[in-house]
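> Could you work out the structure for the sequence below:
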Amino acid sequence: MSALIPDTPATIYRVRAARDPVLVVEFEGGGLITYLRGDGTLMHTLNTSEGFCRKLRQLGVELEVGKRGRARSVGS
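Residues are numbered from 1 along each chain as shown. Next comes the predicted model:
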């Protein structure tokens, strides 16, 4: 569950396209992608639906159809 949006799952992925673990939260109208940096800092990217889907494709993360907020890493 995401601390940002109640009842919204947050999932952490390790993908080849990013040097740091990636936390993904999907919500109506878009999503949040957060990079969990090695020095303990977080870098957030807030995206529209289109930008969210595009960035997930670039990272190699696919959202499972019909399962909002559930994603899987592709090719890692």
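> remind me which residues of the chain are low pLDDT?
Applying pLDDT under 70 to the chain picks out residues 1-5, 64-76.
> Assumed H44 was part of a strand.
Yes: assignment of H44 by DSSP: H, G, I helix; E, B strand; the rest coil places it within a strand.
> which residues pair with it across the strands?
T34 (DSSP bridges).
> neighbours of it, just the number please.
For H44, the tally of surrounding residues (other C-beta atoms under 10 Å) stands at 11. Where C-beta positions appear, they are placed from N, C-alpha and C, glycine not excepted.
> What of Y35?
The local packing of Y35 (other C-beta under 10 Å) involves 17 other residues.
> and what of F52?
Residues lying near F52 (other C-beta under 10 Å) number 22.
> before we move on, what SS does it have?
The local conformation at F52, judged by three-state DSSP, is helix.
> which residues does the residue nearest to it when sequence neighbours are not counted contact?
In space, F52 comes closest to G31 once its chain neighbours are excluded; the distance is 3.8 Å by C-beta to C-beta, 6 or more residues apart in numbering. With contact set as C-beta atoms under 8 Å, 6 or more residues apart in numbering, G31 has these partners: 24-25, 47, 49, 52, 56.
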